[in-house]
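Engineer: Below: sequence and its predicted model.
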Amino acid sequence: MQRKEDCESGFNFGDLTIPIPAEDYERVLSSELKSWLDKVESFDFHSFDGMKLHVYTSCPEKPRGLVFFIHGFGEFFAKYHEFCALLTHSGYAFVFPELRGHGLSGREVDNPDLVHIESYELYIKDIRTLVKSFVKPLASHLAVPTFIFSHSMGGAITALYLERYPEDFKKAILCAPMLKMKLGNKELPILFWLALRKLLRGGKSLAPTLKPFDETPDFENSNCLSYERYITYFKMRVENPAYRTQVGTSAWAYASILGTRKALREAGRIRTPILLLQAGLDRMVDNTAHEAFIQKVKGQSQIEFVAFPTSKHELYSDSDAVILRFYRQILAFLEET
């Protein structure tokens, strides 16, 4: 279906308008968007070590490209239904794996609140295995270029991946990338303390100061500015324990600090053109790392920076006007030759 843009309401596809108007969000999810969702396929993919990754994919009739997703910490596919629907209606296929420890993918701990990983190397190997076994063959069959979109923790994973495999994707989008956690000047002391905690209590213990999932909504302290989107996905988390991922283990926190430090340190190895989208009111990510990252990438590849000064961490869960700008930036970047 050809995309038609309305300056006031966004991208119009007959009965479906994206961004979905906030006041109509829940109804559209269960009606117009559901008819799209019914056509999305999903399957279990077994990674290099046998870990199950649950993967969602959809392809329009005449695709112009394929977008591979790497979501953020604690996220799952349903949070991206609106975005993925926009992509498929705009002519892009997508492949969306839920990372190990998230959603319907396999886990290394029984507690659904917890994400446990010993090293970001596992994420890199998962992605490489999936890209080689499924994404690249699919793109080759469709005769289209591959792109990668990532958010938050997924941005750190993507940076690490691009530093090692610079030829796998034509372009990359980093949305509020976690290139440094917001720990102030305490990063090194915390890193040392986490190493000691891993040694004494084991890596699968709950990281300090973090709290498990609470079934009481707390929109004001969330990463969203769209209440309608926030409460919709909060209800999903209440109803399905697989979506309650809220906190990391000590090993995850330790691996995250090491992973983000490496991603920033080796950014000069990236050769893939990048669009970096920054949330000005981000409380999860230290935005000062973005400038250092940009300067390192600049000398080796093209990088475009777009700031959303009044936005929180989840740029796709903001006012309708901001979300529309967010989507326009992404589609324009994908379509540039």
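Structural biologist: Cool, got the structure.

Engineer: can we go C-alpha only for contacts and neighbour counts from here?
Structural biologist: Noted.

Engineer: Glu61: neighbour count?
Structural biologist: 12 (other Cα atoms under 10 Å).

Engineer: and what of Met153?
Structural biologist: 26.

Engineer: Same question for the one 3 residues further on.
Structural biologist: Neighbour count for Ala156, taken as other Cα under 10 Å: 28.

Engineer: Give me the distance between it and Ala289.
Structural biologist: Separation of Ala156 from Ala289 (Cα to Cα, to the nearest Å): 11 Å.

Engineer: shared neighbours of the two, anything?
Structural biologist: Leu179 (Cα atoms under 8 Å, 6 or more residues apart in numbering).

Engineer: Please state the offset of stretch 107-122 from the chain centre?
Structural biologist: 17 Å (Cα atoms, centre = their mean, to the nearest Å).

Engineer: Now do it, average pLDDT.
Structural biologist: Per-residue pLDDT over stretch 107-122 has a mean of 92.

Engineer: Start from the N-terminal end of this protein and give the strands.
Structural biologist: 4-6, 10-13, 16-18, 41-46, 52-58, 65-70, 92-97, 114-115, 146-151, 171-175, 247-248, 274-279, 303-308 (DSSP state E).

Engineer: Comparing those strands, which comes out most buried?
Structural biologist: strand 114-115 (a mean of 27; mean count of other Cα atoms under 10 Å).

Engineer: most centrally placed residue in this structure?
Structural biologist: Centroid-nearest residue in the chain: His71, 2.3 Å away (criterion: Cα atoms, centre = their mean).

Engineer: quick one: that one from Ile173, how far?
Structural biologist: Taking Cα to Cα, one finds His71 at 12 Å from Ile173.

Engineer: Spell out which residues are contacts of both of these two.
Structural biologist: With Cα under 8 Å, 6+ apart, His71 and Ile173 have common neighbours Ser150.

Engineer: What separation do you get for the residue nearest to the centre of the chain and Phe308?
Structural biologist: 19 Å.

Engineer: His89 too?
Structural biologist: 25 Å.

Engineer: Check Pro97 too.
Structural biologist: 27 Å.

Engineer: again, but for Phe333
Structural biologist: Distance from Phe333 to Phe308, by Cα to Cα: 16 Å.

Engineer: Check Val322 too.
Structural biologist: Per Cα to Cα, Val322 is found 8 Å from Phe308.

Engineer: Likewise for Gly103?
Structural biologist: Going from Gly103 to Phe308 by Cα to Cα gives 28 Å.

Engineer: Now for the closest residue to Ser256 other than its chain neighbours, how many residues are close by?
Structural biologist: Nearest residue to Ser256, sequence neighbours excluded (Cα to Cα, 6 or more residues apart in numbering): Tyr120, at 7.2 Å. Around Tyr120 there are 19 other residues, counting by other Cα under 10 Å.

Engineer: which residues of the stretch 201-337 of the chain score low on pLDDT?
Structural biologist: Along the stretch 201-337 of the chain, segments meeting pLDDT under 70 span 201-203, 206-210.

Engineer: List the contacts of Glu187.
Structural biologist: Ile257.

Engineer: same question but for Lys62, I mixed them up
Structural biologist: So Lys62 contacts Gly91 (Cα under 8 Å, 6+ apart).
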